[in-house]
Structures are given as structure tokens and as C-alpha cells.
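A.B. asks: Could you look at this predicted model? Sequence included:
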Amino acid sequence: MSHTLSREIAMKRLYAETVGGEDTLEEALAQTECGDLSDEDVFFSDRLYEGVHAHCDAIDAEIGAHAKDWSIGRIAKVDLSILRVAVYELLYEKNIPVGATVNEAVELAKAFGGDKSAGFINGVLAAVAKAH
């Protein structure tokens, strides 16, 4: 099972939605080199995406509380999408180790974010994890 690809797909869907593009699972799959993703992986990706939607206000409040001097509106859309998936996991997916969530988010930031995205995301997630 590849939670890495599941997270990437959920992040891409959230990002596309944020910038006004397609947010469908099929579109995200088409943009991801994922080979054969298992039904379990697709289910996990969908759960992350739907979970962020179901708890978006609480997730954004956590991000806002721990992103020093950054409002939600100032955070790069890709970084915000990565943070939303990871904060959802930290708060609502208790069976996933904190270190795995943070590491996966940092790797997504390195792949898709700007030069300082990985450090920023690591810092915010470390603060969220410490608070919970």
C-alpha cells in the first residue's frame, strides 16, 4: 500500500480545487505517476480529501495558530494543500505515526513547493504535533 501516492493525490485534488481547476480523483490520478494504485490506496486518498473538507475550519484554525506571522491567505496554495492533508492526519488519523505524516508532508513540499516550503511545513507540523 502506498500512502505516499495517496497523500500526493489528495494534495493535488485540494490544490486544483483551490486554484479553480478540476478536483476529481480521475484528474489527479492522470497527473500522478502512480502505476496501479490499489483500491485501498484510492480509498485512503479519498478519505484524506473528504476528511479535509469535513474538518476544514478546524484544520485551518490549527494551521493559522501555528504558522507564525502567516495568515492562511498568505500561505502558498501548494503549501496550504500539503498542510491541510498533514494536519488532518495529525488530528483525525490517530493510527498513523506522527513522524510518518510529517516526513511525507516534507517530501511533498520538496517535490512540489518552493525553496523554503519544506522548512516552513516542517515547522508548522512540529508545532501542531507538539500541541496535540
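C.D. replies: Done, it's in.

A.B. asks: lowest-confidence helix or strand of the protein?
C.D. replies: helix 25-30 (a mean of 58; mean pLDDT, DSSP states H and E).

A.B. asks: Just after that helix, pick out the following helix or strand.
C.D. replies: Using DSSP states H and E, the helix or strand that follows helix 25-30 in sequence is helix 39-54.

A.B. asks: right, and the helix or strand after that following helix?
C.D. replies: helix 56-66.

A.B. asks: buried stuff in that next one?
C.D. replies: Neighbour-count burial for helix 56-66, counted by 16 or more other CB atoms under 10 Å, picks out 59-60, 62-63, 66. (Each C-beta comes from the backbone N, C-alpha and C, glycine too.)

A.B. asks: I'd like to check the angle between that helix and helix 39-54, please.
C.D. replies: 80 degrees (axes from the mean of the first three to the mean of the last three CA atoms, to 10 degrees).

A.B. asks: which residues touch helix 56-66?
C.D. replies: Contact with helix 56-66 is made by 52, 71-72, 75, 80, 83-84, 87-88, 91, 124, 127-128, 131, as judged by CB atoms under 8 Å, 6 or more residues apart in numbering.

A.B. asks: need those in JSON lines with secondary structure, distance to V106 and pLDDT, can you?
C.D. replies: Shown next, in JSON lines, are those (DSSP: H, G, I helix; E, B strand; the rest coil; distance: CB to CB, whole Å; pLDDT from 0 to 100):
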{"residue": "V52", "secondary structure": "helix", "distance to V106": "18", "pLDDT": "97"}
{"residue": "S71", "secondary structure": "coil", "distance to V106": "22", "pLDDT": "91"}
{"residue": "I72", "secondary structure": "helix", "distance to V106": "20", "pLDDT": "93"}
{"residue": "I75", "secondary structure": "coil", "distance to V106": "15", "pLDDT": "96"}
{"residue": "L80", "secondary structure": "helix", "distance to V106": "15", "pLDDT": "97"}
{"residue": "L83", "secondary structure": "helix", "distance to V106": "11", "pLDDT": "98"}
{"residue": "R84", "secondary structure": "helix", "distance to V106": "15", "pLDDT": "98"}
{"residue": "V87", "secondary structure": "helix", "distance to V106": "14", "pLDDT": "98"}
{"residue": "Y88", "secondary structure": "helix", "distance to V106": "16", "pLDDT": "98"}
{"residue": "L91", "secondary structure": "helix", "distance to V106": "18", "pLDDT": "97"}
{"residue": "V124", "secondary structure": "helix", "distance to V106": "11", "pLDDT": "98"}
{"residue": "A127", "secondary structure": "helix", "distance to V106": "14", "pLDDT": "97"}
{"residue": "V128", "secondary structure": "helix", "distance to V106": "13", "pLDDT": "97"}
{"residue": "A131", "secondary structure": "helix", "distance to V106": "18", "pLDDT": "95"}
